[in-house]
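Engineer: whatever this is, show me its structure:
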Amino acid sequence: MRTDSLFYQLFQIYPTILFELIGDLSPRTSTYSFLSQEVKQTSFRIDGILLPPPYAADLPIYFVEFQGYRDLNGDLYPSFFSEIFLYLNDYRPANDWRGILVFTKRRLDPGLPLHYQDFARSSRLQRIYLDQLTGEVADISIGLGLLQLVGVKEATAPETAKQIIEKAQRELTDVTERQKIIELIETVSFTSSQN
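Structural biologist: Here you go, the predicted model:
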């Protein structure tokens with residue numbers, strides 16, 4: 001299973017994890033929905049878009065890209081910004097936008113190319129490195145724990161997975177949701193051990 005499909009499943013269950021990652025814990029973040037959407041007239045596909053409800057034109061749209069492998073051709077940043085601007089052109093949303101790049105490991109970030117340096121100092125772009133997330137599993141949400149699991153070293157993944165499963169069993173009362181999370185943890189653990 002590709003890393004981006006793991007993220008897609010995780011964000012389908014917990015769309016608010018993105019907001020935890022970027023430090024926005026306002027109550028309005030729970031109104032967003034997560035989807036993957038094709039941009040018209042191209043073969044581009046954005047990994048994830050968090051759309052606010054139609055009545056909330058003051059909330060930004062979040063474009064999310066997950067990177068779990070090395071970008072050998074230098075396509076990541078040009079493709080990411082092209083996808084965003086094609087989406088904005090095709091759909092013409094009233095909302096402002098933010099771009100979030102989530103890397104499983106910091107070393108996978110090829111660095112911002114010269115043509116996109118203006119975004120380095122802009123609030124429009126945020127880069128997150130899962131291998132640098134801090135916090136003990138007991139002290140963070142189940143969703144952030146799952147993201148942390150994707151970024152941890154192979155040697156520590158089994159213990160981290162065990163802690164998240166225990167936390168899910170304690171905290172989640174909905175049996176279906178708990179089972180989905182446990183299956184996702186097992187998938188993430190297996191995928192992490194394959195990389």
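Engineer: the longest helix anywhere in the chain - contacts with which helices or strands?
Structural biologist: The longest helix of the chain (DSSP state H) is helix 175-194. If you count contacts as 3 or more C-beta pairs under 8 Å, 6 or more residues apart in numbering; DSSP states H and E, helix 175-194 packs onto helix 3-13, helix 142-151, helix 157-171. In this view, the C-beta of every residue, glycine as well, is placed from N, C-alpha and C.
Engineer: now tell me what touches stretch 118-130 from outside.
Structural biologist: Under the criterion C-beta atoms under 8 Å, 6 or more residues apart in numbering, residues 21-22, 81, 97-106, 109, 112, 147-148, 150-151 lie in contact with stretch 118-130.
Engineer: whichever of those residues end up buried, select them in PyMOL.
Structural biologist: The PyMOL selection below is limited to those of the contacts of stretch 118-130 classed as buried (16 or more other C-beta atoms under 10 Å):
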select buried, resi 21+81+98+99+100+101+102+103+104+105+109+112+147+148+150+151
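Engineer: CA-only coordinates of the one helix or strand Ser36 maps to, as PDB, when you get a sec.
Structural biologist: According to DSSP states H and E, Ser36 maps onto strand 33-38. Only the C-alpha atoms of strand 33-38 are listed here, as PDB (Å, rounded to 0.1, in the frame of the first residue of the first chain):
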ATOM      1  CA  SER A  33     -14.400  17.600   5.000                       C
ATOM      2  CA  PHE A  34     -11.500  15.700   3.400                       C
ATOM      3  CA  LEU A  35     -11.400  14.600  -0.200                       C
ATOM      4  CA  SER A  36      -9.100  13.800  -3.200                       C
ATOM      5  CA  GLN A  37     -10.000  15.700  -6.300                       C
ATOM      6  CA  GLU A  38      -8.900  15.600  -9.900                       C
END
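Engineer: I'd like the average pLDDT over the helix or strand where Pro78 lies.
Structural biologist: If you go by DSSP H and E, Pro78 is part of helix 76-91. The predicted model gives helix 76-91 an average pLDDT of 93.
Engineer: tell me the buried residues in that helix?
Structural biologist: Neighbour counts over helix 76-91 (16+ other C-beta under 10 Å) mark 76-77, 80-81, 83-84, 86-87 as buried.
Engineer: hmm, back to that, tell me which of the helices and strands packed on helix 175-194 sits most buried.
Structural biologist: Stretch with highest mean neighbour count among those: helix 142-151 (a mean of 23; mean count of other C-beta atoms under 10 Å).
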